[in-house]
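Student: Structure here, sequence nowhere to be found:
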């Protein structure tokens, strides 16, 4: 997946949704589940992404270190797909 495909995949993945009283699910909690840090080690900058299922806190398996935000999102999408599976639009 490229960056845009990865971002959309994460934005609509069921682990980042909340069930509503009366049925249905609300999409759009991905950014609430994502913590972003920018770190500098010597002269190298890296992005640290921490993420987890909505309302469950961080998942160590979804902790990413990458050279760029875009590469981090792509890696995060790969890990989410590997751990939690793909999904089909409902």
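Tutor: Yep, that arrived. This one's a predicted model, so the numbers in the text were calculated from it and none came from an experiment.
Student: Can you name the next helix or strand after the least confident helix or strand in the chain by mean pLDDT?
Tutor: Lowest on mean pLDDT, DSSP states H and E among the helices and strands of the chain sits strand 25-26, with a mean of 61. Sequence-wise, the next helix or strand downstream of strand 25-26 (DSSP states H and E) is strand 34-41.
Student: How about residues contacting that following strand?
Tutor: 45-51, 58, 69 (Cβ atoms under 8 Å, 6 or more residues apart in numbering). To be clear about C-beta, it is placed using only N, CA and C from the backbone, and glycine gets the same treatment.
Student: ok, now stretch 49-69?
Tutor: Residues from elsewhere that reach stretch 49-69 (Cβ under 8 Å, 6+ apart): 15-18, 29, 32-37, 45-48, 72-73, 75-76, 79-80, 83.
Student: Also compute the angle for the biggest helix by length in the chain relative to strand 34-41, please.
Tutor: If each helix of the chain is counted by residues according to DSSP state H, the longest one is helix 69-84. With axes from the mean of the first three to the mean of the last three Cα atoms, to 10 degrees applied, the angle from helix 69-84 to strand 34-41 works out at 130 degrees.
Student: Which positions within helix 69-84 qualify as buried?
Tutor: The neighbour-count check on helix 69-84 (16 or more other Cβ atoms under 10 Å) flags 71-77, 79-81, 84 as buried.
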